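J.: how would this look folded up:
(one chain, ligands or ions: 1)
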Amino acid sequence: MGDTDVLIIGGGPTGLMLALELSLQNVSYRIIDSAPQRSDKSRGMVVHSRTMELLARHGIMDELQGLGYTLKASRIFVNKKFVFEMDIKDLDYGDTQFGAPLMISQAETEHVLDKALEKYGKKVERPVKAERVEQDDEGVTAWLCNPDGTEEKIRCKYIVGCDGAHSVVRKAAGQKFDGGTYPQDFILADVHLKVSIPSLYIASLILQYWASPAGFHSFRFLISG
Ligand SMILES: Cc1cc2nc3c(=O)[nH]c(=O)nc-3n(C[C@H](O)[C@H](O)[C@H](O)COP(=O)(O)OP(=O)(O)OC[C@H]3O[C@@H](n4cnc5c(N)ncnc54)[C@H](O)[C@@H]3O)c2cc1C
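T.: So this is what the prediction gives:
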């Protein structure tokens with residue numbers, strides 16, 4: 001049948017993870033993404049134990065651990081006042097070789113997943129946009145817009161929608177994306193800092209700070225508006 005067994009639409013972490021697993025299983029696939037390049041912003045920052053166990057199947061955990069850092073404790077401040085500290089040692093992580101969350105920016109994680117994919121001889125095709133998807137009894141057809149603007153029609157056994165919040169695949173399948181909007185404003189920023197962290201606790205309404213793509217000495221802030 002068709003041009004490939006599986007078409008993965010979307011080369012974010014979900015699509016990349018699926019691509020790595022299909023590579024391991026020797027399933028033929030293509031993975032496309034409409035964005036010309038990856039975002040360099042931090043976005044998702046925590047990788048949990050089970051995810052690390054799955055990523056370890058591709059031999060990339062040493063590199064990821066070298067780029068991020070293992071969470072030891074978390075301190076919560078509300079309205080400039082310290083309210084709570086959680087020590088990871090006090091939590092029961094059960095039977096795993098990765099007994100604490102790894103703090104790493106999504107930009108770094110995606111970069112490492114991209115490199116892992118290259119080791120299997122595969123890469124995300126960019127910018128290739130899925131314009132339309134149609135399923136019938138034998139398989140699925142997708143209409144893609146290639147980088148030179150030409151349209152390509154491909155047949156596959158399966159299409160997997162890893163195309164995020166505005167998924168064309170979800171819409172083609174007639175599924176809804178239920179949810180709501182919180183009545184709250186935030187400022188979210190990846191920043192480099194010269195001031196010390198304790199003085200920042202006092203100076204502002206910081207809700208969250210963490211390592212950003214530039215590494216240990218830069219931080220991600222989430223400040224309530
Ligand atoms: C500013 C910001 C901050 C965030 N902070 C956090 C956080 O602190 N913690 C956390 O857990 N998560 C956070 N997230 C959410 C996190 O980034 C997402 O949950 C994660 O990226 C989802 O991964 P995904 O692969 O499913 O989808 P995405 O990363 O959204 O990837 C989908 C991909 O599909 C591509 N695509 C879309 N439509 C098409 C199409 N028609 N054809 C081809 N390609 C297409 C897009 O270009 C995109 O690359 C944040 C997100 C943002 C934007």
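J.: residues contacting the residue of the chain found nearest the ligand?
T.: The chain approaches the ligand most closely through Gly12 (2.4 Å), counting by C-beta to the nearest ligand atom. Quick note: C-beta positions are derived from backbone N, CA and C, even for glycine. Applying C-beta atoms under 8 Å, 6 or more residues apart in numbering to Gly12 gives the contacts 33, 110, 162, 164.
J.: pLDDT at the first one, what is it?
T.: pLDDT for Asp33: 98.
J.: ditto for the third one
T.: We note a pLDDT of 98 for Cys162 in this prediction.
J.: same check, this time on the second one
T.: Confidence at Glu110, expressed as pLDDT, is 97.
J.: Three-state assignment for it, please.
T.: helix (DSSP: H, G, I helix; E, B strand; the rest coil).
J.: How about it, nearest residue that isn't a chain neighbour?
T.: With sequence-adjacent residues excluded and distances taken as C-beta to C-beta, 6 or more residues apart in numbering, Glu110 is closest to Arg38, at 5.6 Å.
J.: returning to that earlier point: sort out for me which of the contacts of Gly12 are in helices.
T.: Glu110 (DSSP state H).
J.: which one of the contacts of Gly12 is nearest Tyr69?
T.: Among these, Glu110 lies closest to Tyr69 (C-beta to C-beta), at 17.9 Å.
J.: before we move on, back to that, can you say which of the contacts of Gly12 are buried?
T.: Buried members of the contacts of Gly12, counted by 16 or more other C-beta atoms under 10 Å: 33, 110, 162.
J.: near the ligand, which residues of this protein show up?
T.: 9-15, 32-35, 43-45, 106, 129-130, 162-164, 168, 188 (C-beta under 6 Å from any ligand atom).
J.: Give me the buried subset of those residues.
T.: Buried among the residues of the chain next to the ligand (16+ other C-beta under 10 Å): 9-13, 15, 32-34, 43, 45, 106, 129-130, 162-163, 168.
J.: Just the ones in helices from the residues you listed, please.
T.: 13, 15, 106, 168.
J.: For those, give me CSV that also has distance to Glu125 and pLDDT.
T.: Converted to CSV, these look like this (distance: C-beta to C-beta, whole Å; pLDDT from 0 to 100):
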residue, distance to Glu125, pLDDT
Pro13, 17, 97
Gly15, 11, 98
Gln106, 20, 93
Val168, 16, 96
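J.: Between all of those residues, which two are separated the most?
T.: Gln106 and Val168, at 22.0 Å, using C-beta to C-beta across these.
J.: Measure how buried Leu55 is and give me the count.
T.: 22 (other C-beta atoms under 10 Å).
J.: Fine by me, thanks again.
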